[in-house]
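Asker: Next input, structure requested:
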Amino acid sequence: MLACCGAFGPLEVGLRLSSGGGSGGALAVKRLPALLGAQVSRLMVQLLQLRHTNVLQYALCIPNRCASQPEVLLATSLCECNLGELLVLLKADGSLGQRAHGLVRQLLSGLHYLHTLSTPVVHGNLKPSNVLIDDKGVVRLAEFGLHQMLYQTTPPPASSVIWWSCETCVAYEQNRRMSCSTMSDIQVAGMVVHFILTGGNHPFGTEASQIVQNIRRGFNAPATTNCEANDLISWMVLQNPGQRPSVEKVIRHIYFWDTEKKWKFLLTCAGMSPDCKTAPLPLSNFFACLEKQAAYHNTKGDWVSVVRTFLPEIAPSVVSYSNTPVGLLNFMRDCLNSMQNMDIQTTTRLQQFFVAAFPGLSLTLYRFIEKTDWLRHPALAPFVDGTNY
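Answerer: Numbering: from 1, shown residues only. This next block holds a predicted model:
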């Protein structure tokens, strides 16, 4: 029975037989013509060995090996739906906000696995229809590692081209061959992350022709409601492949830090340890660096008004602080020092306030120091070296 059409032609539903003779689950099966099947078989030497929660496992079968041009069957587990279909369901029941972050994590977890193998595997065909959801709700990457076989004799549909990197678009136009790399995967992954977080929107536009043109020009406008997510996506979709982050850097981005890690980072930048004692950071030199970076980037803000609005009981004390990131760090440190014996409820309230009221502060501070020697300081290095997965 035909299920749908994939990049290599129609899919059929099959059954995996268990060792006892029963059914071991449904399969999505592709029948590949002899010439294409022979090329795919050579690529499968490595791909058949891959095992990861967020990557679909391939299976290969050649029913009649004695034939002069044997047909090749390529199979994967049959999943419940693809990413685009899932987002429609999540928006309909109002649960997209709860699920989106987890979907992004799983997507990047699968890509991290492929890219960090001893011999890295380039996905090369990443798009919402190749991000599948299994019967347990787990994200599974599909059709990876086969981009060299795509669109050799037939032109690609616009629905595929809008999920190509800038360099893939250029290369295909020049020689009609798919040219993909781990860095092209990163750009497309940034597009898919935006697609998830916005419930189905592409960061490069709304119409196919506009999207392709904007990809080639490097013009994008991330429009999520999270400043950290916008920063990550903007980094991933940069036009120049050499300026994009590796997948290791992607998963260490502040967007994936939990509230506790952000709080510890803010405390450290304010010269305090998690127990609100003095941290081993030379504040005068560190703050001078931050002030210089704030002036260079023309960083604007009005944290004083925020404190006056949401913490009126301590608002009078803010008048002596500069309305800059360093002023806010000084205020935060002095505020906590003045409440050394505060109860856990007050401590928690202050933590939640500073993290929620200034959602871009951790990112701003990190960007200020990321290209300086400060990130190698023992007090700050753990925030760079640690993983968020």
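
Asker: C-alpha from now on. contacts and neighbour counts both.
Answerer: OK.

Asker: Flag the shaky bits of the protein, pLDDT-wise.
Answerer: The model of the chain has pLDDT under 70 over residues 1-10, 16-24, 34-38, 64-69, 276, 315-316, 339-344, 346, 386-389.

Asker: just the strands in the protein please.
Answerer: Using DSSP state E, the strands of the chain run over residues 2-6, 9-17, 23-32, 59-61, 72-77, 81-82, 131-133, 139-141.

Asker: and these as a markdown table, adding distance to Leu336 and mean neighbour count?
Answerer: Shown next, in a markdown table, are the strands of the chain (distance: least, Cα to Cα, whole Å; neighbours: other Cα atoms under 10 Å):
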| stretch | distance to Leu336 | mean neighbour count |
| --- | --- | --- |
| strand 2-6 | 58 | 11 |
| strand 9-17 | 61 | 16 |
| strand 23-32 | 58 | 18 |
| strand 59-61 | 59 | 16 |
| strand 72-77 | 54 | 21 |
| strand 81-82 | 48 | 18 |
| strand 131-133 | 46 | 23 |
| strand 139-141 | 42 | 27 |
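
Asker: Now Pro128: closest residue in space that isn't a chain neighbour?
Answerer: Leu83 (5.1 Å; Cα to Cα, 6 or more residues apart in numbering).

Asker: Run a quick check on that neighbour versus Val131, I expect a contact.
Answerer: Yes. Applying Cα atoms under 8 Å, one finds Leu83 in contact with Val131, separated by 5.5 Å.

Asker: Domain ranges for this structure, per the record?
Answerer: 2-77, 81-256, 259-385 (automatic domain parsing).

Asker: which of those is buried the deepest?
Answerer: Mean neighbour count (mean count of other Cα atoms under 10 Å) peaks for domain 81-256 among those, with a mean of 19.

Asker: Now do that one: distance from first to last residue.
Answerer: 26 Å (Cα to Cα, to the nearest Å).

Asker: so how far is it from its chain's centroid?
Answerer: Using Cα atoms, centre = their mean, to the nearest Å, the distance from the centre of domain 81-256 to the centre of the chain it belongs to is 9 Å.

Asker: Could you do stretch 307-320 as well?
Answerer: 37 Å.

Asker: just stretch 255-264 next, same as before
Answerer: The chain centroid and the centroid of stretch 255-264 are separated by 16 Å, computed with Cα atoms, centre = their mean.

Asker: Over to stretch 278-285?
Answerer: Counting by Cα atoms, centre = their mean, stretch 278-285 comes out at 33 Å from the chain centroid.

Asker: Repeat that for stretch 264-274.
Answerer: With Cα atoms, centre = their mean, you get 27 Å for stretch 264-274.

Asker: what sits up against it?
Answerer: Residues outside stretch 264-274 that contact it (Cα atoms under 8 Å, 6 or more residues apart in numbering) are 276, 278-283, 329-330, 332-333, 362, 379-380, 383.

Asker: how about Leu42, what does it touch?
Answerer: Actually, residue 42 is Arg. It isn't Leu. No contacts exist for Arg42 under Cα under 8 Å, 6+ apart.

Asker: Distance of it relative to Val72?
Answerer: Counting by Cα to Cα, the separation of Arg42 from Val72 is 12 Å.

Asker: Also Val237?
Answerer: When Val237 is compared with Val72 (using Cα to Cα), they lie 36 Å apart.

Asker: for His52, same thing?
Answerer: From His52 to Val72 the distance is 24 Å (Cα to Cα).

Asker: Same question for Ala357.
Answerer: From Ala357 to Val72 the distance is 58 Å (Cα to Cα).

Asker: same check, this time on Leu48
Answerer: 14 Å.

Asker: Contact partners for the closest residue in space to Leu60 that isn't next to it in sequence?
Answerer: Closest residue to Leu60 apart from its sequence neighbours, by Cα to Cα, 6+ apart: Leu74 at 4.8 Å. Shown in contact with Leu74 (Cα under 8 Å, 6+ apart): 29-32, 58-61.

Asker: okay if I get the residues you listed as TSV plus distance to Gln351?
Answerer: Output for those, formatted as TSV (distance: Cα to Cα, whole Å):
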residue	distance to Gln351
Val29	52
Lys30	54
Arg31	57
Leu32	58
Tyr58	47
Ala59	50
Leu60	53
Cys61	57
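
Asker: Which of these sits closest to Ser159?
Answerer: Taking Cα to Cα as the measure, Ser159 sits nearest to Lys30 out of these, at 20.4 Å.

Asker: My read is that the closest one contacts Ala75, right?
Answerer: Yes. Between Lys30 and Ala75 there is a contact under Cα under 8 Å: 6.3 Å.

Asker: picking that back up, if the residue nearest to Leu60 is in a bridge, with which residues?
Answerer: Leu74 forms beta bridges with Lys30, Leu60, as assigned by DSSP bridges.

Asker: if I look at Leu43, how far off is His147?
Answerer: Applying Cα to Cα to Leu43 and His147 gives a distance of 10 Å.

Asker: Oh, that last question was meant for Phe331, not what I typed.
Answerer: Taken as Cα to Cα, the span from Phe331 to His147 is 54 Å.

Asker: what do you get for Thr182?
Answerer: Using Cα to Cα, Thr182 is found at 12 Å from His147.

Asker: again with Ile215
Answerer: 19 Å.

Asker: Same question for Ser77.
Answerer: On the measure of Cα to Cα, Ser77 and His147 end up 20 Å apart.

Asker: same check, this time on Ser322
Answerer: Per Cα to Cα, Ser322 is found 54 Å from His147.

Asker: Please name every helix or strand in contact with the top helix by length along the chain.
Answerer: When the chain is parsed with DSSP state H, its longest helix is helix 96-115. Using 3 or more Cα pairs under 8 Å, 6 or more residues apart in numbering; DSSP states H and E as the contact test, the elements touching helix 96-115 are helix 83-93, strand 139-141, helix 182-197, helix 247-251.

Asker: could you give the angle of the longest one to helix 96-115?
Answerer: When you say that, I think you mean helix 182-197. 170 degrees (axes from the mean of the first three to the mean of the last three Cα atoms, to 10 degrees).
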